[in-house]
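Asker: With the input below, show me the fold.
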Amino acid sequence: MQKSEVIWFDGEFVPWERAQVHVLTHTLHYGFGVFEGIRCYETTDGRSAVFRLQDHTRRLFASARILNLKIPFDEAAIDGACLETIRRNKLRECYIRPLVFLGEGEMGLHATTNPVRVVIVVWPWGSYLGDEGVRNGIRVKTSSFQRFHVNTLMTKAKAVGHYVNSILANQEARHAGYDEALMLDTDGFVAEASGENLFIVRDGIVKTPPLGSVLPGITRATLITLLRERGHTVVEERFTRDEVYIADEAFFAGTAAEVTPVRELDDRPVGTGKLGPVTAAMQEAYFTVIRGGDGGHRDWLAFV
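Answerer: Next comes the predicted model:
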């Protein structure tokens, strides 16, 4: 991981090495916190812009409300802090990680007086699933770990502790020689990957799981808009993993993963086992938008 120079920490900029917490930080023990993953890209006119910054910040505050965490800043302050952190680190492109967590104080599940702390970290980060995966697709394995039920954990919150579920699924897949895991919900229907939403294409129809046990991905919403603008029928409905086996195409979508083709699931090629036409078109459309080449969606860009 490439370090940057400064981190925004509770309203102040501190050197990377000094952005530290005590070992009794509550969230370190119990996973009670929320976060976002955001990207900044260099645009076609040479400026840098954060993609859908306000939407990410809105989801951060929504996640905090679900967990009943009171963020001690407003949304505009977090937006401004993200942009200023990028400026101070002199980065043209980067990944942005806002994190809200409970600091030290009381221990135990009942802690009520611990301070709510906020950090924003930025650093250079390439393709999450690798440049080769973006070009030619990745190998995926259906996980033995299920995406949790809506009444087990709050599925609309991007919460810190939720990702133990994702890590277990991802580790299982990678240890078996695959690139990523596909997770089913507790009823056996396709939910999402360990950190991405899934789309499949069959007979010209694009499907993606509905927002039941699925995190409402911002890249997911972006692609639904772009697909419909280009005349594709997009259906949000439950489907089973064998529908992925017989799909013409499948691809993952996420801020980190961007648009990554799935070339194989459970040792079965998806479609031709290569980058499909709809996936290729959506990669082109997505990368055009995030780099400012689509005049119809300039409002999605927050220029640094």
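Asker: Quick check: mean pLDDT of whichever strand or helix holds A280?
Answerer: Assigned by DSSP states H and E, A280 belongs to helix 277-290. Helix 277-290 carries an average pLDDT of 97.
Asker: which residues are contacting it?
Answerer: 39, 41, 49, 51, 134, 201, 206, 219, 222-223, 226-227, 230, 232, 248-251, 258-259, 261, 294, 297, 300-301 (C-beta atoms under 8 Å, 6 or more residues apart in numbering). (C-beta placed from N, C-alpha, C; glycine too.)
Asker: what's the answer for stretch 297-304, then?
Answerer: Taking C-beta under 8 Å, 6+ apart as the rule, stretch 297-304 contacts 40, 43, 47-54, 79, 83, 86-87, 222, 289-290, 292.
Asker: what about the helices in this structure?
Answerer: Here the chain has its helices, by DSSP state H, at 26-30, 53-66, 75-88, 131-136, 163-175, 218-229, 241-245, 277-290.
Asker: Nearest approach to V122 belongs to which of those?
Answerer: helix 75-88 (5.2 Å; C-beta to C-beta).
Asker: CA atoms only: put that closest one into CSV for me.
Answerer: Extracted in CSV, the C-alpha atoms of helix 75-88 (Å, rounded to 0.1, in the frame of the first residue of the first chain):
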residue,chain,number,x,y,z
GLU,A,75,-22.4,16.0,4.9
ALA,A,76,-21.0,19.2,3.3
ALA,A,77,-18.1,19.1,5.7
ILE,A,78,-17.2,15.5,4.8
ASP,A,79,-17.5,16.3,1.1
GLY,A,80,-15.2,19.2,1.5
ALA,A,81,-12.7,17.2,3.7
CYS,A,82,-12.5,14.5,1.0
LEU,A,83,-11.6,17.0,-1.7
GLU,A,84,-9.1,18.9,0.5
THR,A,85,-7.4,15.7,1.6
ILE,A,86,-6.8,14.9,-2.1
ARG,A,87,-5.5,18.4,-2.7
ARG,A,88,-3.1,18.3,0.3
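Asker: Could you list every helix and strand in contact with that helix?
Answerer: Contact here means 3 or more C-beta pairs under 8 Å, 6 or more residues apart in numbering; DSSP states H and E; on that basis helix 75-88 packs against strand 6-9, strand 48-51, helix 53-66, strand 94-102, strand 116-123.
Asker: just the angle between the helix holding A280 and helix 218-229, please?
Answerer: Going by axes from the mean of the first three to the mean of the last three C-alpha atoms, to 10 degrees, helix 277-290 is angled at 110 degrees with respect to helix 218-229.
Asker: ok, and what's touching the helix or strand of the chain with the lowest mean pLDDT?
Answerer: When each helix and strand of the chain is scored by mean pLDDT, DSSP states H and E, helix 131-136 comes last, with a mean of 86. The contact list for helix 131-136, computed with C-beta under 8 Å, 6+ apart, reads 127, 179, 258-261, 263, 274-275, 283.
Asker: and the residues you listed, which are buried?
Answerer: With neighbours counted using 16 or more other C-beta atoms under 10 Å, the contacts of helix 131-136 contain these buried positions: 179, 258-261, 263, 275, 283.
Asker: Look up how far N114 lies from the residue sitting furthest away from the middle of the chain.
Answerer: Distance to the chain centre peaks in the chain at E106, reaching 31.1 Å (criterion: C-alpha atoms, centre = their mean). Separation of E106 from N114 (C-beta to C-beta, to the nearest Å) stands at 6 Å.
Asker: shared neighbours, those two?
Answerer: Jointly contacting E106 and N114 under the rule C-beta under 8 Å, 6+ apart are H26.
Asker: buried ones in stretch 267-276?
Answerer: Those would be 270-271, 275-276, for stretch 267-276 by 16+ other C-beta under 10 Å.
Asker: Quick check: of the residues you listed, which lies closest to H175?
Answerer: For the buried residues of stretch 267-276, the nearest to H175 is V270 (22.0 Å; C-beta to C-beta).
Asker: excluding its backbone neighbours, what's nearest that closest one?
Answerer: Once flanking residues are discounted, V270 sits nearest to A250: 4.8 Å by C-beta to C-beta, 6 or more residues apart in numbering.
Asker: how about the one you found, what does it touch?
Answerer: Per C-beta under 8 Å, 6+ apart, neighbours of A250: 198-201, 244, 261-262, 265, 270-271, 279.
Asker: at 10 Å instead, please
Answerer: 137, 140, 182, 190, 198-202, 207, 243-244, 260-265, 270-271, 276, 279 (C-beta atoms under 10 Å, 6 or more residues apart in numbering).
Asker: Now list the buried members of these.
Answerer: Counted by 16+ other C-beta under 10 Å, those give 137, 140, 182, 190, 198-202, 207, 244, 260-265, 270-271, 276, 279 as buried.
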